[in-house]
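In: Structure for this input, please:
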Amino acid sequence: MPLFTTSIIFGLLHILNPEIQKIGYGLLIYYIGTGIFFGIVTLMDEGVELSSGFHASNNLVASLLVTADWTAFETYSIFKFIGNPSLSKEVLLYVFIIYPLIIFFLSKKYKWASWQTKIL
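Out: Numbering: from 1, shown residues only. Presented below is the predicted three-dimensional model:
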């Protein structure tokens, strides 16, 4: 229960981002899914370092590579998106394929065990 509660709170903390107003509430799937990813990594690693580092690097890379007039981070970046934004299937790709793969690789690297005990 705490994992899902904190993940939903993480997603809802992003609800005022301009991306949500521009793309729609479907983008909350990505934010809440990312919160679940961060929560699992935090619980399994028994620390926030990996999750915090991933969150910081995700935001840093995203803001340095691409920006748009309607994003939370309007930075001087390499690329500027000028098209019409829409919710794409990439959101589902990240949440249901990329994040589980990252968790799998991290679990092998750090030899995570006792999944049921730590998650529940």
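
In: now the helices: where do they sit in this protein?
Out: All helices of the chain, identified by DSSP state H, fall at 2-13, 18-23, 28-45, 49-65, 90-93, 99-110, 115-119.

In: Among the ones you listed, show me which one is buried the most.
Out: With neighbours defined as mean count of other C-beta atoms under 10 Å, the helices of the chain peak in mean count at helix 28-45, which reaches a mean of 20. C-beta: built from backbone N, CA, C; applies to glycine.

In: For that helix, what is the distance to the chain centroid?
Out: Once both centres are worked out by C-alpha atoms, centre = their mean, to the nearest Å, helix 28-45 turns out to sit 7 Å from its chain's centre.

In: could you give the mean pLDDT of it?
Out: For helix 28-45, mean pLDDT rounds to 96.

In: Contacts for it, please.
Out: 3-4, 6-12, 14-15, 20, 48, 50-51, 54-55, 91-92, 94-96, 99, 102-103, 106-107, 110, 112, 115, 118-119 (C-beta atoms under 8 Å, 6 or more residues apart in numbering).
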